[in-house]
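Participant: return atomic coordinates for the entry below.
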Amino acid sequence: MTSLTLNPLILPSAGPTRDHIVPAKYRLDGYDENYDFRTIAYDTVWMERQKSILLVCPKLLNLESLLKSSKMTASGNEVKISSIKRYRRHDEVWIACAARPRDLEIRTKTFALNAKIGSAVNIFDGKNVLVTKSKNNDLNWISDWIKHHVESQGATAALIFDNGSDAYSIPELQQTMETVEGLETALAVASDFPFGSWKSSKLIHRSMFYQAGMLSIARHRFLHSARAVLPIDVDELVTGASVFDAAVASRFGYVTMPGVWRYSQLPEDQTPRHSDHIWRREPDVASKEKYCLAPSRWFTDTVWDIHGLHRYVFNNMAMMRDARFLHCEHISTGWKRKRDAQAGETLVRDAQTEAELAPLR
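Facilitator: Here you go, the predicted structure:
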């Protein structure tokens, strides 16, 4: 598979908009620029087992009432919402339908929205899958990130949701993924939606709907039958024992791994690579844990969140002691903050990290 598109529902520019989820008193300058006012659904998917159309949505908020009052037709036949599942940073709308339709129309008094209906994808079945979102990350970073996890962890597939990169095209990203030796399956999916704003003095993550939405799409449409799934960012490298194997062997079908920050000392005019991140602060600085899961087990058949499952309450119980991830400070486009957390600090060369990253040099 060389290309695939999502099937979104976007409100017209002259139509209603999503209310703010963060109160005005906490929103900083620039907050609105990244807030998603108009996306109803990121993707529209046929779910065969449930005999339903699934809309994976940002938090609907006031737009929920708009959906409930609209007239919905699938391939011309009227359908109705059977349930709305509300989560912390995204929602799912389930629409009962006896047979797979071609398209969905949502009609209100003032406008109509249409979307084709996508199907579940099976190319990741039985694979150990890396999944992430990315925007304008250097293609060398992406190649190194995949290469490391193929060689160190036994990854066999990678799924990347591209959030509107303009430094290269989706075909270029796809080609970069496919050229990593040992990777059996690769897919880059265009997903150019507002990411959500972090420019808030409080409730900083409430408006970041995008990443949670992409993980929901990954779970339902792409990775439902994967052997194991590792949701991590391009600046994170897992080292040690295979977390894929550990997740499959776990009675939870789920493991977590601790993280530590690592730093590069290259001059600012040089582009760092993961392999340059062999320096640490003293004392070492931890990064919040990440996780790996085996889909559709009793514990993992739930919403996939950024740092874990079930509001993270079992993360310590599931923590691996023979694996960790390196959070590479300077593998970043600086989209959220300038990566300079080590500024003014004395850095120590870390021999263990240097050995772990040696294959990338």
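Participant: quick one: low-confidence ranges for this protein?
Facilitator: 1-3, 335-344 (pLDDT under 70).
Participant: outline the domain layout of it.
Facilitator: 9-116, 128-183+227-360 (automatic domain parsing).
Participant: of those domains, flag the one that's most buried.
Facilitator: Stretch with highest mean neighbour count among the domains of the chain: domain 128-183+227-360 (a mean of 18; mean count of other C-beta atoms under 10 Å). In short, each C-beta sits where N, CA and C put it, glycine included.
Participant: re the thing from before, got TSV for the domains of the chain, with distance to Ser197 too?
Facilitator: Formatted as TSV, those follow (distance: least, C-beta to C-beta, whole Å):
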stretch	distance to Ser197
domain 9-116	4
domain 128-183+227-360	10
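Participant: nearest to Ser207, out of the ones you listed?
Facilitator: When these are compared by C-beta to C-beta, domain 9-116 sits nearest Ser207, at 5.3 Å.
Participant: which neighbouring elements make contact with the helix ranked longest in the chain?
Facilitator: The longest helix of the chain (DSSP state H) is helix 139-153. With contacts taken as 3 or more C-beta pairs under 8 Å, 6 or more residues apart in numbering; DSSP states H and E, helix 139-153 sits against strand 128-134, helix 170-178, strand 236-240.
Participant: now render those as TSV, adding distance to His274.
Facilitator: TSV is the format used below for the helices and strands packed on helix 139-153 (distance: least, C-beta to C-beta, whole Å):
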stretch	distance to His274
strand 128-134	14
helix 170-178	15
strand 236-240	6
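Participant: which of the ones you listed sits closest to Ala358?
Facilitator: For the helices and strands packed on helix 139-153, proximity to Ala358 was assessed by C-beta to C-beta; strand 236-240 is nearest, at 11.3 Å.
Participant: quick one: closest of the helices and strands packed on helix 139-153 to Ser200.
Facilitator: Of the helices and strands packed on helix 139-153, nearest to Ser200 by C-beta to C-beta is strand 128-134, at 20.0 Å.
Participant: relative to strand 236-240, how tilted is that closest one?
Facilitator: For strand 128-134 against strand 236-240, the angle by axes from the mean of the first three to the mean of the last three C-alpha atoms, to 10 degrees is 160 degrees.
Participant: what are the pairing partners of strand 128-134, and which direction each?
Facilitator: Its sheet considered, strand 128-134 pairs with strand 157-162 (parallel), strand 228-231 (parallel) by DSSP bridges.
Participant: any chance of those in TSV, plus distance to Tyr254?
Facilitator: Listed next are those as TSV, based on distance: least, C-beta to C-beta, whole Å:
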stretch	distance to Tyr254
strand 157-162	19
strand 228-231	10
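Participant: all strands for the stretch 51-200 of the chain, in order.
Facilitator: Taking DSSP state E, counting those that start in this stretch, the strands of the stretch 51-200 of the chain run over residues 52-57, 71-74, 77-79, 81-86, 91-96, 103-107, 112-116, 128-134, 157-162, 185-190.
Participant: what's the closest residue to Trp261 other than its chain neighbours sitting at in phi/psi?
Facilitator: Closest residue in space to Trp261, ignoring its immediate chain neighbours: Val285 at 4.5 Å, by C-beta to C-beta, 6 or more residues apart in numbering. Note on Val285: backbone dihedrals following degrees, to the nearest 10 are phi -110, psi 120.
Participant: isn't Val285 right up against Pro258?
Facilitator: No - contact criterion C-beta atoms under 8 Å: Val285 and Pro258 do not qualify, at 11.7 Å.
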